[in-house]
Each structure stands twice: as structure tokens, then as C-alpha cells.
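Visitor: test case, fold it:
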Amino acid sequence: MRLHQILILLSFCLFFHFNMSAQTTPMKVEPSGSGYRFSLDPKPVPPLKPVGGTVQPKWLYFWEFGDGHYSEEESPIHIFSRPGEYVVNVCLTPAYSLDRGKKFTQSVQISKSGTTPPEKSYPLLTPVSAIRLTSNNNELVMREEMQLVVHYLPPPGYSSGKIVLAFNEKLSTRKSFRYLSSRTYSGEKEIADIYADPSVKANPEYLSYLESQAGEYQSVVAYAYTSGSSAKPARLFVSLQVESPHVGTEIGIRAFFIPDKGPIRKAGTSFTKTMMILASHDPNRITVIPRTIEYPVSVDTSILYRVFFQNKGEGNANGIRVRVNIDPALNPDSLEVLEATIASEFCPPCADSLAERASCLEIEKQKGFVDFVFKNVRLAGTKGAETLRNQTTKGEIVYRIKPLAAEGTKAPEVPDVDAFFTRAAIKFDTEDDTIYTNLIDIQVRQRTIGIKVGYNLGRNLSELIASANDLSNIFAAVTFADNPVHKGKAFESELAYSGYRFMRAKSQLYISEDDPFRRDSIRTDLSINLYYLDVLAQSRFHFNDWVGIGFGGGFSTLLAGAGQYEAKLKKGQSVQTVNQEVRTGLLFLGKQYDTLSFPAGEKFDPEIRNNPGSYLAMNMFAEMTLGKVNRGPMVGFRYGSRFQNGLFDFSFARQNFMQVFFQWKI
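Guide: Model prediction:
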């Protein structure tokens, strides 16, 4: 057998092997009574990367049976209402682990059928609570796939209509979700564009309601349904990919009805589900909004913190102490608790509690930190709970605090740091160890407006040579920057005026028509001032309070070019001179230049065109600065290139320039 035949056979074997491996699934289906038991065999390998300070990692299961029903049990028994072939999915989410989720799919042939058991695990739907959203996990991790279930029961008057799903808030620059797919089991049909649907577009009331419900979201998916006169609870399954929003961000998904006819009923026909984006499935964490503070800020600026915790012991915790450090840039006297819950129950301040042994929250402020002390509570332990997702094991504190005001003023003072960090330490009376949350930071930024003046040291522009000792080479700009306090990335935009003076001397010989042995010549001198308007942006990194480097680019527009063109014709012993003013740029749009005529009758084309295509140029540069990062003086040196098309008689010109400048930021 030849070598190439062996390679082909080997490739085929590998392809067959990998395809068979890809189709292999650990899903196991066994008859059980009138139904079937589903399990994974072999079971998936448990996560090996637990989150520090939490319970033992564990898989959370979400089975989708392909008939409109689901289960969150590890090994559920399901009864199918009719025989047939069903596509069964199981999604595994790693709780309290740094690992990623798993998903398995398998087609199963069902021969036994029976009566579907009561849907006791599904949300209760009523005419005043007609739609609900659940998901396979309420604490989302970036880049994972989420299974969303829309539970709905069309209320009276809504026998047919649309179910609209809205997500990805417009207030966020990053999208939280990417729509993947949907599975329908009650005749629902996906609508390509709900805004263009005839029944919605023709009814101003429907269109207004759609905008009021979905107008604050970027993404909208809609489904048409028909329930008839006998409406029954139904479920619609949607898969969403968790994209890359900020960790610690609370996001929402909204589902609502729009009928095909009749008035809008607002009560019970809309539901919004809120979730939190996490770095990992860790219940003991702290989040903050906003993640960046731009100074100066108003006196009403508040920072919102949320502390989540879970009792991972065996017994019930009756006392809980949560210690949170307070950065010196924050005002501890402004701290206000908005919400404190234990096992989903509100916990009032101890000062407001009437009963001596009633559950309450006491706040103890110390220098540099604050203690939230829960007294007389009952928080179940995960080792004694039925499931890790049991809300009776979890608690939450929501509080807000303001930046510290400058002395003698009400305005918040700019902190002397680039960020301040916060972490919570949680101590249960049932645990010997203290549990620590993640370290959350708030970046401190300062916006400034600056004036920049300098001098252009022009380099060659094709054949043009710059004059470095001319006052027309002035550079001036207005800047707007977003800066760190001391070091880090700064972003700056700039509107600048730049002037350059260029000169060109050029000589050429030609043979006289009267005397072939005589050499005549023409010398041309071009002297011109070029005035540009630059729109630039750059990213600059400051190594410390004084030194930074930046890179940027933008566009330049030739506002005007004004100068003189002189041509000298040397013909034998005689010299003839002609002059012509040169005007180009936006201010002289449409100006034309004629052929030069010498007194002896010779004509000469100066090759100057007032070409609008040359007015716009691309600008790229790098710079080094020395001076204050934020407010105050700064000096810098910039080297760059301006790429311009069709300037004068050059089809393409690269103008290199150097700038030295002084900047003052306020």
C-alpha cells in the first residue's frame, strides 16, 4: 500500500473515531413503573476547582424532556403522555466551582405512556399572575448557556396573541445575553419582527404598550400563540448565551402578553426576572454599583453595595456577623441599609423591633469598618438542607454610602487613590472559620478640559521641505480627557489647529526647439502655508504621577493653503519670471489654476490642482508626556504622520511631523 493511501485511510479512521466520540452520550434511560428514569451513566466528573470559603462543589441538573416538561432532580422519573420519539436535553451547572457547565442531548424512543403527574414544581399561574420566568440558575456565570422557561396561562380575553421576551438593557453598553434557540410545544410560532406585525402595527394601543414594556431593552424575541377557549398552563423553552457584562451587574429579562384583539390588561400580564452576573457560582460575594466614579460628582452620588452570604454548616445559624471595610474615601455617617434579608425574610433594625427576642439587625460602626449583626435569626445550613439552591440557607444585605465631602464643602472630594476596595468577612455562630467574599473595587476617574499649545517641527512632505523657523507652524488644541488619579489608562479627545510652512525648489532642463545644442531650464519655487483642523483621539498610559506614553489617531482636514508659486525660465542669456498665488483647501474650494505664460510665449503647467479629494487625511501619532495626570501642567513630545491623497501634484503624500507642546488641564 502506498504512503498516500495509508494517510487517507488513517485520516478516515480518525474522522470516524472523533465523530463516534462526539455522538457518545452518558445519558441512561430505564423504564420505571409507567414512566422512565433518566440519569447520567457514567456520572460527570465532579468539579475539581472549588470556590474558596464555600460548600463542596456540586452539579445542578436541568432535564428538558422534549414534551414541554422539565425537572431539576439529579435522576428524575418522567411519564410521557403519548409514545413517540423525544429529544431529551440535560444541562449541568457547577455550583460553587470555577468549572464550566456541561450539556448532553439524546433522542429516546418512548413506548409506554401514562398520566403526567401534577406539576407541583412549576410556578402557580392565575388570571392575576398569568406569566412567570424561571431559569436553570439564577446566578449567572459569563460565557455559560442559560435555559429560560416561560410559564404562561393566557388570561381571559387573551385566547390568542403574542408573548414577547425582552432582554439586554439599553443602559448597559455590553449585551448580557445572546439569543440561541427556542423549543415550543403548544403551537407557538416565532415572529421575525414584533414591531412590524400587522395586528400590533395597526393598533396604537398595542404599539404604545410594546414600547413601554420593551423600549428599555436592546433585544426582543416574540412568539404567537393560540390557546382557544380552554386555556391551559404552557411552557416555552429559550436558550440564551451569557455574554460578557460586568461581573456583579444585576440584569433583567421581561416577558409580557400582547393580545390579538381587545384591550390591554396590564395586571398580571407582565413579569420581570432579575439575576446577577458572577465570576463563579459563589453565594458568598459582594457587588457594587457603579464600578467607576467620575469626579467631580454631585452631592447626591451614592454607591450601592450588596453582600450575599450562605450558611454552609450543618445546624441553623442564630447569630451572624458581617464585617465590611469602609474605605477612607467614603463617609461612614452616610451609610444607609436599604434591605436585609435572612432566608428571604425581611430583618428589621433592632431599634425598630418591639419584641426582645425578635429577629433584628444591629449596625456597629468602627474606624475603618462596619459590622452588620443579625440577632435571633434562623438560617438553615446547607449540609442539612435538601438542596443547595434552598433559599432558607441564604441571606443578603443591601446598603448605600456616599463619598466623603471635601472639608468646608458639600461636594465629594477626589480620593487620593485610583480605586478603593471593599470585602466582607462573614462569621456564623455555627462555624469556626470566617468566610470572606470577593474583593470588589470602584475605579476613581477624573474628567478634565485642557488647553494645549505648541510648535510643529514639520518633516518632508514628498518633495516639499518644511521650514522650522516660521511663526505659522503654531499648534493649538482643546482637549477633553478621562484620567486616572495617579496611574493607569487615560483617554483623551482633541480638536486641534495645526499650521505648517512648506517650500519646494525644483529645476528641470529641456532642449530648445530653436537650437538643439542649447540647454534651457525652468526653476520653480513653491512656498505655502498649510492650515489643518485635526480631530484626534488617543489612549495614554501613565506609569506614575508624571510620566506617560500614548498612541492615537484621527482625521485632518485641510482648511486652507496659501502661498506663492514662482517659475523662472532661463532661455539662452535671458531670464523670464512669472508668479502666481496659490490658494487651496476648503476655504478656496473651486479655485482653478491656469497654465503659466512667459513673455516670450512659452507655456508651463504648474501642476497645481485644487482637488477636494486631498482635503481629508488620516492622522496617526505616538507621544510622550511629562506632567500631572489630572489637573495642572504637562509638557509633551509627539511624532506622527499625516497620510494625504492628491495634495498638489503628488498622487499620495506622507507628511511626517513632530510637535512639542505645553498643556494645562483644569
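
Visitor: residue contacts, the closest residue to Ser302 other than its chain neighbours?
Guide: Using C-beta to C-beta, 6 or more residues apart in numbering and skipping residues adjacent in sequence, the residue nearest Ser302 is Arg400, 4.5 Å away. Just so you know, the C-beta spots here come from the backbone N, C-alpha and C atoms, and that holds for glycine as well. Applying C-beta atoms under 8 Å, 6 or more residues apart in numbering, one finds that Arg400 lies in contact with Ser302, Ile303, Leu304, Tyr305, Leu335, Glu336, Leu338.

Visitor: so which of these comes closest to Leu461?
Guide: Nearest to Leu461 among those: Ile303, at 52.6 Å, using C-beta to C-beta.

Visitor: neighbours of the nearest residue to the closest one once chain neighbours are set aside, how many?
Guide: Counting by C-beta to C-beta, 6+ apart, Ile303 lies nearest to Ile401, which is 5.5 Å off, once chain neighbours are set aside. Neighbours of Ile401 under the rule other C-beta atoms under 10 Å: 22.

Visitor: cool, Leu626 as well?
Guide: Leu626 - counted by other C-beta under 10 Å - has 12 other residues nearby.

Visitor: looking at strand pairing, list the partners for it.
Guide: Val547, Val635 (DSSP bridges).

Visitor: now do the residue nearest the centre of the chain against Asp534, distance only.
Guide: Among the residues of the chain, Arg174 comes closest to the average C-alpha position under C-alpha atoms, centre = their mean, at 2.7 Å. Here Arg174 is placed at a distance of 31 Å from Asp534 (C-beta to C-beta, to the nearest Å).

Visitor: identify the bridge partners of Thr557.
Guide: Leu533, Leu616.

Visitor: nope, Gln564 is what I was after
Guide: Ser527, Glu581.

Visitor: count of neighbours near Phe372?
Guide: That count, for Phe372 with other C-beta under 10 Å as the rule, works out to 22.

Visitor: just Leu587 next, same as before
Guide: 13.

Visitor: ditto for Asn645
Guide: With other C-beta under 10 Å as criterion, Asn645 counts 15.

Visitor: how far away is it from Met618?
Guide: Taken as C-beta to C-beta, the span from Asn645 to Met618 is 9 Å.

Visitor: I'd like to know how far Ile326 sits from Pro26.
Guide: 50 Å.

Visitor: between these two, which one's more packed in?
Guide: Comparing Ile326 with Pro26 by other C-beta under 10 Å, the one with more neighbours is Ile326, at 19 against 14.

Visitor: show me what contacts the spatially closest residue to the more buried one that is not a sequence neighbour?
Guide: Leaving out its chain neighbours, the residue that sits closest to Ile326 by C-beta to C-beta, 6+ apart is Pro332, at 5.0 Å. Listed by C-beta under 8 Å, 6+ apart, the contact partners of Pro332 are Ile326, Lys365, Val370, Ile401.

Visitor: need those residues in TSV (columns: distance to Val485 and secondary structure).
Guide: Formatted as TSV, these follow (distance: C-beta to C-beta, whole Å; DSSP: H, G, I helix; E, B strand; the rest coil):
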residue	distance to Val485	secondary structure
Ile326	19	coil
Lys365	26	strand
Val370	25	strand
Ile401	19	strand
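
Visitor: kindly tell me how buried Ser81 is, as a neighbour count.
Guide: Neighbours of Ser81 (other C-beta under 10 Å): 13.

Visitor: what about it, which SS state?
Guide: With DSSP: H, G, I helix; E, B strand; the rest coil as the basis, Ser81 sits in coil.

Visitor: so it makes contact with Ile110?
Guide: No - between Ser81 and Ile110 there is no contact under C-beta atoms under 8 Å: 9.8 Å.

Visitor: any common contacting residues for these two?
Guide: By C-beta under 8 Å, 6+ apart, no residue touches both Ser81 and Ile110.

Visitor: sketch out the low-pLDDT regions of the stretch 1-150 of the chain for me.
Guide: Scanning the stretch 1-150 of the chain for pLDDT under 70 picks out 1-25, 46-48, 50-56, 116-120, 138-139, 142.

Visitor: can you pull out the strands in it?
Guide: For the stretch 1-150 of the chain, the strands defined by DSSP state E, counting those that start in this stretch occupy 27-32, 35-40, 58-64, 70-71, 77-78, 84-95, 102-110, 131-135, 139-141, 145-152.

Visitor: cool, the stretch 301-450 of the chain as well?
Guide: Under DSSP E, counting those that start in this stretch, the stretch 301-450 of the chain gives strands at 303-310, 320-325, 330-342, 345-346, 360-366, 369-375, 394-403, 419-422, 424-428, 435-436, 440-461.

Visitor: what lines up beside the third one in the sheet?
Guide: The pairing partners recorded for strand 330-342 under DSSP bridges are strand 345-346 (antiparallel), strand 394-403 (antiparallel).

Visitor: pick the most buried one from those strands.
Guide: strand 394-403 (a mean of 20; mean count of other C-beta atoms under 10 Å).

Visitor: no further questions, thank you.
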